[in-house]
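*Asks:* Model the following, please.
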Amino acid sequence: MSNKTKILIKPKRFLTIFQTDKPVYKPGQTVKFRIVSLDASFLTFNQMDPNSNRIAQWLNQSTVSGILDLSHPMSAEATQGSYIITAWNEKGEKTSQNFDIKEYGVILKGSGKASFTDVIITVSFEDVPQAYKPGIAYEGKIKVTGPDSSPIPNEPVYLFLQNSGNSENWTLTTDSKGIASFSLDTSLWSSDSVSLSARYQKVEEDYPYEQGVRRPLYTSAYHFAWKFYSKSKSFVKIMQGEGKFSCEKGGIVLAHYIIQGVKLKKGQTTLDFFYLVISRGSIQQHGRLPVAIKERKVNQGQLMLSLQRMPELTPFAQVVVYTVLPDGEAVADSRDFPIHLCLKNKVSLKFSSLQELPGEKTSLSLQAHPGSLCSLRAIDQSVLLLQPEQELSLDSVFSQLPVQKLSGYSYRVADPYPCLRYPPRFEEEMIMRLPPVPKLVDELVVPDWGKRSFWFGPSDDKNDVYSIFKEVGIKILTNSDVKKPYDCKTTYAMQQNVMMEARPMNMMPNEESAPTPGASGGPKETVRTYFPETWIWDLVPVGHTGKVNVEKTVPDTITKWAAGAFCTSPVGFGLAPNTGLTAFQPFFVSLTLPYSVIRGEVFTLKATVFNYLSKCIMVSPPSVVSFFTSPVKVTLAESNQFTARPCEGCQYTLCLCAEESRTFKWTLTPTALGEVSVKVSAEALTTKKFCGNEVATVPGKGRIDTVVQTLLVEAEGTQETVSHNALLCPAEGPVEKDISLKLPEVFVEGSAKASLSVLGDLMGRAIKNLDSLLQMPYGCGEQNMVLFAPNIYILNYLQSTRQLTMEIQTRATGFLDSGYQRELNYKHDDGSYSAFGKSDESGNTWLTSFVLKSFGGAKPYIFVDPAHIAQAKAWLASHQQTDGCIASVGKLFHNGMKGGVGDQVSLTAYITAALLELDGNTSDPMVEKSLTCLKAAVSDQLENTYTIALLSYTFTLAQNQVMRAKLITHLDKIAATSGGNRHWERAEASGTKTDSLEVEMTSYVLLALLSGPTMPGFGLDYSTGIVRWLAQQQNPYGGFASTQDTVVALQALAKYGAATFSPEGASTVSVSSARGLKMEFTVNQNNRLLYQEEQLREVPGDYNIKAKGKSCVFVQIAMHYNIPPPPDFSAFNISTQTLGKCDGTKKSLIVSVAVRYNGRREETNMVIINVKLLSGFVLDKSSLGPLKNDPTVKRVDLEEGHVIIYLDGLKQKETKTYSLAIEEDVPVRNLKPAVVKVYDYYQTSDEAVSEYSSPCAE
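*Replies:* The predicted model follows:
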């Protein structure tokens, strides 16, 4: 014989499993995740934010034992929403996993919703075959559930059968699971189909309609079973199993057969039955079962086969049993058997105890197949409950299988029927040939027959042998009789589900169909300071024994920890069920105190003791200086940083019973400035005293609890910082520097302090303070870049000088990663960037070019999506004019590019330099056009010093030596020189503070000198004079006055440092004072990046600094002191008004701040209003709504007791008033005024300071 058939071949898909250390993250947290490839090595990994910006990428990653372990820090300002991790394997197949970034743990005000249903009882069929086989029992189940879908046990349910006009019925009773099983004798069934119905009510009750009243519904179930075709009336039936098979031991499958009317071959006494066991799309077992048979007799019997290797069969074993009779007829049946989920690699995890004290040692016992590598995780149960569906489980693992069980196949590979080539006309005949719809109840909701599709050929009723094989996805090549004959003119309606549900019609609107459920030895001290959300995230090998104990310290969070593990090994993947450990403190102390106070203020410290025990304890706290022998004591530790006294009239001896809490109070008066530690302990001791009718209990563990919190004590007024810097290079002989520390006539007594630091590297101070170069807010797109760009220059410098350590690289790239993410928050859809992102009308040309060059510079160190750079460049190109100049778009907040004809020229110069820094391509058409614009500007002899300095750097990058020489020569003539220092000034500079624009333009000149060939007379000696001046302007944190001057100056200093770096030499720095102070510091190549610092006690004072040796050293004395608010400022006026609601338990205030710009400009740059909150007060966040709606307010932040208000700018002579509400959180007496400061962010010398007080102050 010859035969052919179509088959569908699909490539094998790989199983990929993701696990994150938590299901939900807060902005600023690090996302840790692991990817498990069970069959392939991954090559590319991407992570995307809610705006589809690619924020991280890992290339060509290899797994260890199939596990890839990665992490990525999220920005503190990461956009809240759903993020996607996507993994591609070497075949290009991808798998994705979501995780959420959102704020959680906040008590929210909200409302609840309850829904109602009219469905009282639901009846449904389960495991009922679609065909019956005469002579073999027809088995199935009826399920009865209530309105909340819970099972209804021990209740009657009625089964009805209609067969060729005959009716039968049975009364069944549900079991504890709401299931009633039935087995029906089919010997007398003769019709082509039978109908079954199941009802909760034997007789349908008719409920009259009432306006506004829901009618109770009792849904019924209906099912049609077709007669299975067999020419000889021979059948085999695989019987149902009792629930799921165990995965730990084999299963037994039984089948009944009836073989009749067969003619045997000569000498034949047996008939072979064959079986196949299929799981996950593959044949796992097969075999032969011979049975004795007699000719022309009714042969009945039972077949039994054993299922083996159950872990390979889970989650379903699809069993097919078949035989071929001597006359060619095939007899077959199939059934799916569910198996409890399990894996070959048996993994177990268990804590050494179910409950433990915070801070105690515990161990996790981990067992797996020898050689396994296990991913171990323990997470706070409360965080896990935020998204429990994200938890890795056997269900989630098996749900990712490409194939769990086979079920049919595509019509494209179905074997054709000859009759399909001659479809009859069916317009009139179609409805006539539909199967009749049984009328089982008066108001039956049935499928809409008119909307079904029709086709010609055999019905899809699974009532022949061919459909049995098709149902399990098997294609057969045979000349056996496997198909049921059919009338070629018969029309069938395609219907997927032959089981229906009927319910009486409801005359009222029904919005919800189901309800929503409502919702020993001495006592050991516990000091709680460690409160993680993910406690354990480790990769642990179990070694050749397959066992390991992991020792851990229990965190201080009082919670239940959920620990789990998955493992990979040569035998496969394994997963342990979660195990729990409860961190329990019998009682604990919680402190209530303000974040900060001002020296001289007095507040009440509250220590609340919570009793979690089921019995009473006795609490009797002593004073802060006494030691009582009471059963339980609460003690505030003595300190020389504050004075404390118990409150008057307070009761200090009391019983604290189960689930109760009591609060103890002390009056604290801080006496020292800075951070003050407050330590309170509670201890339970043995006692015979009674609490009510019971003896006070003493816990076996956790008899002492200690909590330590820090209080910031600040001086009055506003802080000023003065730094004295010196770059000392003693190669030609000892070098000295005298520094005199002087305080102003008016300052806050006791607030002055000073420190001296020594570094062997010019970039050392910036390296130490990469995340705090400026003591200013970073709340907009441009300010964020000061946390981003300097890292690039420092990494370049350290790499070129071979000083880059893994610690510094990790830290710096971490800041680059977070800065990159934050900056994407300020991106517009067109690829541009602006100070406040999409809340601005358009992108900003200057900021976009700043981001463009910075992203390009960061590419060697972190992943930067090339699309961001290309989009930014394309947007800039769209704003280039015909003369090559680039138009200013968006609000320009850079002082050097405002006013006069230099506006467009300086902007174009900046953008051109950015493009050249990006790739150095001078033949880029955009660069060529912009250089044409700039050459024309130079020919007009611009006199703006800032513009000339910027042009000198731009033409240096463009390698135009003629223009470069012309500009640098001109700049040399107008340079300000003094004592070997050199810098450039602007005529309109105001104030005595460092002018940020002068720092920036001086840095551009230094960059122009160092970025091209050395010009005669402008060598490193010339540059050193510039560096000396720049070094003197540096603040104590390594930055300068504002953002741009910090970024450009550090870029220039890094380039100078690389040009002058020497790997040899050492120096000694000696420090002495007029009052006899002597210090000495040694700087060599091993510690040149070490930040050496000592406090200076003589303030004011005169100091002499001397350097000897061969290497340069950078010395700084930083002095801090507070001053009262000055009475007058020329640039701004600021005033405050406070209205108070002083009655009630908590005081509330409305603080109004009026600001006015009096300077010479028509409008300021971005303005910052910094409102310090009164001690003990917190912001009422609901008051921010009207504030944020003000068109001049771009952003409002709350930072450690300060409210930061960002203004787009202030127009000259215009007064604006801003109000916010604050409320008392911790009462403070002797309340001091709080400072309010306003300043121009980009011209920080323009500022004003005021104060406000509480009208409710005692």
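
*Asks:* where does residue 815 fall, helix, sheet strand or coil?
*Replies:* Here residue 815 is recorded as helix under DSSP: H, G, I helix; E, B strand; the rest coil.

*Asks:* Residue 751 too?
*Replies:* From three-state DSSP, the assignment for residue 751 is coil.

*Asks:* Equivalent analysis for residue 884, please.
*Replies:* Under three-state DSSP, the three-state class of residue 884 is coil.

*Asks:* who touches it in this structure?
*Replies:* Applying C-beta atoms under 8 Å, 6 or more residues apart in numbering to residue 884 gives the contacts 908, 928, 929, 930, 931, 932, 933, 934. C-betas here are computed from N, CA, C, even on glycine.

*Asks:* so where do the strands sit in the stretch 251-400 of the chain?
*Replies:* Under the criterion DSSP state E, counting those that start in this stretch, strands of the stretch 251-400 of the chain are mapped to 251-259, 270-279, 282-292, 299-307, 316-324, 330-338, 348-351, 355-356, 361-367, 373-380.

*Asks:* Could you export those strands as JSON lines, including mean neighbour count?
*Replies:* Output for the strands of the stretch 251-400 of the chain, formatted as JSON lines (neighbours: other C-beta atoms under 10 Å):
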{"stretch": "strand 251-259", "mean neighbour count": "19"}
{"stretch": "strand 270-279", "mean neighbour count": "19"}
{"stretch": "strand 282-292", "mean neighbour count": "13"}
{"stretch": "strand 299-307", "mean neighbour count": "15"}
{"stretch": "strand 316-324", "mean neighbour count": "22"}
{"stretch": "strand 330-338", "mean neighbour count": "21"}
{"stretch": "strand 348-351", "mean neighbour count": "18"}
{"stretch": "strand 355-356", "mean neighbour count": "17"}
{"stretch": "strand 361-367", "mean neighbour count": "18"}
{"stretch": "strand 373-380", "mean neighbour count": "23"}
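
*Asks:* these two touch, right, residue 356 and residue 561?
*Replies:* No. Counting by C-beta atoms under 8 Å, residue 356 stays clear of residue 561, with 9.4 Å between them.

*Asks:* quick one: common contacting residues for those two?
*Replies:* By C-beta under 8 Å, 6+ apart, residue 356 and residue 561 have these common neighbours: 554, 581, 582, 583.

*Asks:* And this structure, what are its domain boundaries?
*Replies:* 16-101, 115-227, 352-395+529-583, 587-712, 1126-1252 (automatic domain parsing).

*Asks:* do you know how far the residue nearest to residue 286 when sequence neighbours are not counted is from residue 571?
*Replies:* Computed as C-beta to C-beta, 6 or more residues apart in numbering, the closest residue to residue 286 that is not its neighbour in sequence is residue 276, at 5.1 Å. With the distance defined as C-beta to C-beta, to the nearest Å, residue 276 ends up 25 Å from residue 571.

*Asks:* before we move on, the earlier item: now, the most widely separated pair of the shared contacts of residue 356 and residue 561?
*Replies:* Greatest spatial distance among these (C-beta to C-beta): 554 and 582, at 9.7 Å.

*Asks:* what's the overlap in contacts for the two?
*Replies:* Taking C-beta under 8 Å, 6+ apart as the criterion, residue 554 and residue 582 both touch 356, 561.

*Asks:* who's more crowded, these two?
*Replies:* Remark: of residue 554 and residue 582, residue 554 carries more neighbours, 24 against 15, as counted by other C-beta atoms under 10 Å.

*Asks:* Buried residues, the helix or strand residue 1054 falls within. List them.
*Replies:* According to DSSP states H and E, residue 1054 maps onto helix 1043-1060. Neighbour-count burial for helix 1043-1060, counted by 16 or more other C-beta atoms under 10 Å, picks out 1043-1058.

*Asks:* so how far is the helix or strand just after it from its chain's centroid?
*Replies:* Next along the chain after helix 1043-1060, taking DSSP H and E as the criterion, comes strand 1067-1073. When C-alpha coordinates are averaged (C-alpha atoms, centre = their mean, to the nearest Å), strand 1067-1073 and its chain have centres 50 Å apart.

*Asks:* Alpha carbons of strand 1067-1073, as CSV, please.
*Replies:* Once non-C-alpha atoms are left out, strand 1067-1073 reads as follows in CSV (Å, rounded to 0.1, in the frame of the first residue of the first chain):
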residue,chain,number,x,y,z
SER,A,1067,55.4,65.0,49.4
THR,A,1068,54.9,65.9,53.1
VAL,A,1069,52.5,68.6,54.2
SER,A,1070,53.1,70.3,57.5
VAL,A,1071,50.4,72.4,59.1
SER,A,1072,51.0,74.8,62.1
SER,A,1073,49.1,77.6,63.8
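
*Asks:* Each with direction, which strands does it pair with?
*Replies:* strand 1078-1083 (antiparallel), strand 1101-1109 (antiparallel) (DSSP bridges).

*Asks:* buried set for it?
*Replies:* By 16+ other C-beta under 10 Å, the buried positions in strand 1067-1073 come out as 1067, 1068, 1069, 1071, 1073.

*Asks:* so who does the last one touch?
*Replies:* Going back to what we said before, that points to residue 1073. 1096, 1098, 1101, 1102, 1103, 1104.

*Asks:* got it, and the second one?
*Replies:* For residue 1068, the contacting residues are 1080, 1081, 1082, 1083, 1107, 1108, 1109, taking C-beta under 8 Å, 6+ apart as the criterion.

*Asks:* got it, and the third one?
*Replies:* Residue 1069 makes contact with 728, 758, 1080, 1081, 1082, 1083, 1105, 1106, 1107, 1113, 1115 under the criterion C-beta under 8 Å, 6+ apart.
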